[in-house]
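[1] Turn this into a model:
(one chain, ligands or ions: 2)
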Amino acid sequence: EASPAPVRDLAGVRVVVSAGPTREYLDPVRFISNPSSGKMGFAVAEAARDRGAEVTLVTGPVTLPDPAGVRVVRIESALELRDAVVDAARDAGIVVMTAAVADYRAATQSGEKQAKVAGDVTIHLTPNPDILAELGREKGDRVLVGFAMETHAGVERAAGKAQRKNADFILLNYPTREGTAFGGDDNQVTLVRADGSHEDWPRVSKREVAERLLTEAARLLPAAR
Ligand code: CTP
Ligand code: CA
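    Ligands and ions are numbered 1, 2, ... in the order given. Below is the predicted model:
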C-alpha cells in the first residue's frame, strides 16, 4: 500500500551521518573493531533523504547496501572517518554521529603480517581523535547529535559527553535492552542534553528513532536559512 508523502522539512539542509564501526589495523590482516551493524546510521540517512535533505553518509564496514539518493563514503579507520566527516560537515546544517568509533588505534602499524611468538604479547594503543568533540569546538550554528551506549549511570555520563563535546543532544541506549542497540531493528533511547534534562522515548524501530531525532534536530536549526 502507498505510504503518505513524507514531509520535506529538511529540503535544502545538508545532513552528514556517520555509521558503523571503525577498523584499527594492527597489521595487514588483523584489526580491532566492534559489532556495530550500521543500521541506526543508515536509518537516519534514509529518513533525512526522504525529508528532502542532501545527505552524506560516512560509514565503516557494514553489510548494508548503499541507500539510493545518498552520497555514501566508505571508510575503515577512525582517522579516515574523521577526514571524511570533517570535510562533509563544512557546509552541513546537521551532523549525526552514530558511528562506533574505536577509541584507540595501534601506535604503530606493521606493514607485514606479524608472526606468532612464544608467550604473551603487548599491543601499544594510542588514542584516536574525538570527531564529535572536534566538530563541537567549531560548532557555528550546526546541530550536532551524538549517540552513547552506557552500562551504568547513563544519563549522567551522556550529559557529561554532550557538555564536553558541545553536542546539542545525545541519544543514550543500554546494551541490555533486548532487541535494541547492536544489530537489532528496534531501539529504545533516552534523549539527553548537556544540562542533564532528558526524555525517555518508547521502544520503536530504528527508522522511527531516526524520524524523532531529525524532528528534534530540525527544531534547533537557525530560523533563517
Ligand atoms: N565519538 C567520536 N569520536 C571518537 C569517539 C566517539 O566522534 N573518537 C562520538 C561517537 O560517534 C558518539 C559520541 O562521540 O556519537 C559518544 O561516543 P562514546 O564512545 O560514548 O564517547 P567517548 O567519549 O568515547 O566515551 P567512552 O569513554 O564512554 O567510550
Ligand atoms: Ca568511546
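[2] what does the chain put close to ligand 1?
    78, 97, 99, 101, 103, 128, 130-132, 146-148, 161 (CB under 6 Å from any ligand atom). Using the backbone N, CA and C atoms, a C-beta is placed for each residue, glycine as well.
[3] Just the ones of the residues you listed in helices?
    78, 131-132, 161 (DSSP state H).
[4] where does the protein have low pLDDT?
    Applying pLDDT under 70 to the chain picks out residues 1-2, 177-181, 224-225.
[5] re earlier: just the buried ones from the ones in helices among the residues of the chain next to ligand 1?
    If you count burial by 16 or more other CB atoms under 10 Å, the buried members of these come out as 78, 131-132, 161.
[6] Tabulate those residues (a markdown table), appending distance to Val55.
    As requested, these are arranged in a markdown table below (distance: CB to CB, whole Å):
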| residue | distance to Val55 |
| --- | --- |
| Ala78 | 21 |
| Ile131 | 18 |
| Leu132 | 18 |
| Lys161 | 24 |
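[7] out of the residues you listed, who's nearest Gly93?
    Nearest to Gly93 among these: Leu132, at 16.1 Å, using CB to CB.
[8] Would you map the helices across this structure?
    39-50, 78-89, 131-137, 154-165, 206-220.
[9] With respect to burial, which of those scores highest?
    Among the helices of the chain, helix 39-50 has the highest mean neighbour count (mean count of other CB atoms under 10 Å), at a mean of 26.
[10] Centre of the chain to it, how far?
    11 Å (CA atoms, centre = their mean, to the nearest Å).
[11] Next, the angle helix 206-220 makes with it.
    Counting by axes from the mean of the first three to the mean of the last three CA atoms, to 10 degrees, helix 39-50 points 60 degrees away from the direction of helix 206-220.
[12] Helix 39-50 packs against which elements?
    strand 14-19, strand 54-59, strand 94-97, helix 206-220 (3 or more CB pairs under 8 Å, 6 or more residues apart in numbering; DSSP states H and E).
[13] Please repeat the previous calculation with a cut-off of 10 Å.
    strand 14-19, strand 54-59, strand 71-74, strand 94-97, strand 143-149, strand 186-187, helix 206-220 (3 or more CB pairs under 10 Å, 6 or more residues apart in numbering; DSSP states H and E).
[14] Let me see the contact set for the residue nearest the centre of the chain.
    Geometric centre of the chain, nearest residue: Thr98, 1.5 Å, by CA atoms, centre = their mean. Going by CB atoms under 10 Å, 6 or more residues apart in numbering, Thr98 touches 17-20, 36, 38-45, 57, 59, 145-147, 171, 206, 210, 213.
[15] swap the cut-off to 6 Å and go again
    Counting by CB atoms under 6 Å, 6 or more residues apart in numbering, Thr98 touches 19, 40-41, 147.
[16] Torsion angles phi and psi at it?
    Main-chain dihedrals, Thr98, degrees, to the nearest 10: phi -90, psi -10.
[17] Quick check: chain neighbours aside, which residue is closest to it?
    Spatial nearest neighbour of Thr98, chain neighbours left out: Gly41 (3.8 Å); criterion: CB to CB, 6 or more residues apart in numbering.
[18] tell me which residues in stretch 6-14 are buried?
    Buried, per 16+ other CB under 10 Å, within stretch 6-14: 10, 13-14.
[19] What of stretch 102-116?
    102, 105-106.
[20] re the thing from before, you'd agree the residue nearest to Thr98 is up against Ala19?
    Yes - between Gly41 and Ala19 a contact is recorded at 2.4 Å, counting by CB atoms under 6 Å.
[21] for the residue lying farthest from the centre of the chain, phi and psi?
    For the chain, the largest distance from the centre (CA atoms, centre = their mean) belongs to Ala118, which lies 39.3 Å off. Torsion angles at Ala118 (phi, psi; degrees, to the nearest 10) stand at phi -80, psi 130.
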